[in-house]
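> coords please:
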Amino acid sequence: MKAVLAAWGMEDVPVGVTDDPPPPSGNASPYLAALAASWRGALPATACTARELYRRVFAEAPDGSVDVISIGFFNTLDEVLAEDPALFRRKVRAVWAMAGGFARCAGYAETNIRERPDASRRFLDAWDGPIVFAGFECGETVITDLSGLPPDCAHPLAEAFRRYCGPGMTRPSWDPVTVDFAVHGENDCYGLGEPGRVRVAPDLSTPFSPDPAGNARVLRLRAPEETVSARITALLRESAGFPLRATC
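Model (predicted):
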């Protein structure tokens, strides 16, 4: 993470790390060690625990000003909410979560739910503030495309794609779609479904129940998947200083 932040000139952004055990599927990564070895350089190898980072952010933030974007498991959010529910509710405006399966993926036990089912269930049962779900279906066929970069293009984003995706340099865009919508909101590409409630079922699916007083909304793509793919690809390429086509 420090290597990625440094590539965007954001070395001072604090990083929190979890001390929870690895998920059942393991904790192996085809790119983390390589990025750390290649871009560590003079970066300080310092980090606090994720819970400490949340406490620090909450202490400095005005009430109702924190947007939490969750693109992983719910275990840390579950712990932070349970530790001080009143503080969490006072500071957090909304949670934006890449989690669950809805629409054509209804009934699917999505990874971020499946790998930490107890924490997912506790958090979603306890959090009564606004939460937006970008389900598996929103990023499954929205493809980020970093193809065309020279093989010696030196940037953590390019290296991560190279090692994870292989020479094709393409990847479904679950997390980028979630972050894009959380930052930019509704537009020609994204909209929200009706209010309702989401729970974790015994089979680890995430059924949505319509409810005008519910705290949950589900992200819907308004534009064709190819249009959203082009948007996500452009955002990533431009933010990393890559041209939209062939060279780096």
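> In the chain, mark out all the helices, start to finish.
Under the criterion DSSP state H, the chain contains helices at 2-7, 32-39, 50-60, 75-83, 85-91, 111-114, 117-126, 136-140, 156-165, 174-184, 225-239.
> Among the ones you listed, which comes closest to Thr206?
Closest to Thr206 of those, according to CB to CB: helix 111-114, at 6.1 Å. Heads up, the C-betas are built off the backbone N, CA and C, glycines and all.
> now what about the closest one, what contacts it?
Contact with helix 111-114 is made by 70-74, 97-100, 120, 200, 204, 206, as judged by CB atoms under 8 Å, 6 or more residues apart in numbering.
> got these as TSV, with pLDDT columns?
TSV is the format used below for these (pLDDT from 0 to 100):
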residue	pLDDT
Ser70	97
Ile71	96
Gly72	94
Phe73	95
Phe74	97
Ala97	98
Met98	98
Ala99	98
Gly100	98
Ser120	98
Val200	98
Leu204	98
Thr206	98
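> Looking at the helices of the chain, spot the one closest to Pro212.
Closest of the helices of the chain to Pro212 is helix 117-126, at 18.9 Å (criterion: CB to CB).
> and which of the contacts of helix 111-114 is nearest to Arg231?
For these, the nearest to Arg231 is Met98 (16.8 Å; CB to CB).
> Now do the contacts for the nearest residue in space to the closest one that is not next to it in sequence.
Using CB to CB, 6 or more residues apart in numbering and skipping residues adjacent in sequence, the residue nearest Met98 is Thr178, 4.0 Å away. With contact taken as CB under 8 Å, 6+ apart, Thr178 is in contact with 69, 71, 96-98, 134, 138-139, 219.
> One more: Ala7?
If you count contacts by CB under 8 Å, 6+ apart, Ala7 has them with 39, 155-157, 240.
> same thing with Arg199?
Going by CB under 8 Å, 6+ apart, Arg199 touches 121, 124-125, 206-207, 209.
> hang on, the earlier thing: same list, the contacts of Thr178, but as a markdown table with distance to Glu79 and neighbour count please.
A markdown table is the format used below for those (distance: CB to CB, whole Å; neighbours: other CB atoms under 10 Å):
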| residue | distance to Glu79 | neighbour count |
| --- | --- | --- |
| Ile69 | 17 | 17 |
| Ile71 | 17 | 17 |
| Trp96 | 19 | 21 |
| Ala97 | 16 | 29 |
| Met98 | 19 | 26 |
| Ala134 | 22 | 31 |
| Cys138 | 27 | 27 |
| Gly139 | 26 | 25 |
| Leu219 | 26 | 25 |
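> Determine the number of other residues adjacent to Arg162.
19 (other CB atoms under 10 Å).
> Which helix or strand in this protein has the lowest average pLDDT?
Least confident helix or strand of the chain, by mean pLDDT, DSSP states H and E, is helix 32-39 with a mean of 77.
> relative orientation of it and helix 156-165 in degrees?
Helix 32-39 and helix 156-165 are oriented at 150 degrees to each other (axes from the mean of the first three to the mean of the last three CA atoms, to 10 degrees).
> which helices and strands sit right next to helix 32-39?
Here helix 32-39 touches helix 2-7, helix 156-165, going by 3 or more CB pairs under 8 Å, 6 or more residues apart in numbering; DSSP states H and E.
> out of those, nearest to Ala86?
Among the helices and strands packed on helix 32-39, helix 2-7 sits nearest to Ala86 (CB to CB), with 31.3 Å.
> could you measure the residue nearest to Met98 against Val95, distance?
Between Thr178 and Val95 the distance is 11 Å, computed by CB to CB, to the nearest Å.
> before we move on, what about Ala7?
For Ala7, the distance to Val95 - CB to CB - is 27 Å.
> now swap in Phe88 and tell me
10 Å.
> With neighbour numbers in mind, choose between these two.
Neighbours per residue, other CB under 10 Å: of Phe88 and Val95, the larger number sits with Val95, 26 against 21.
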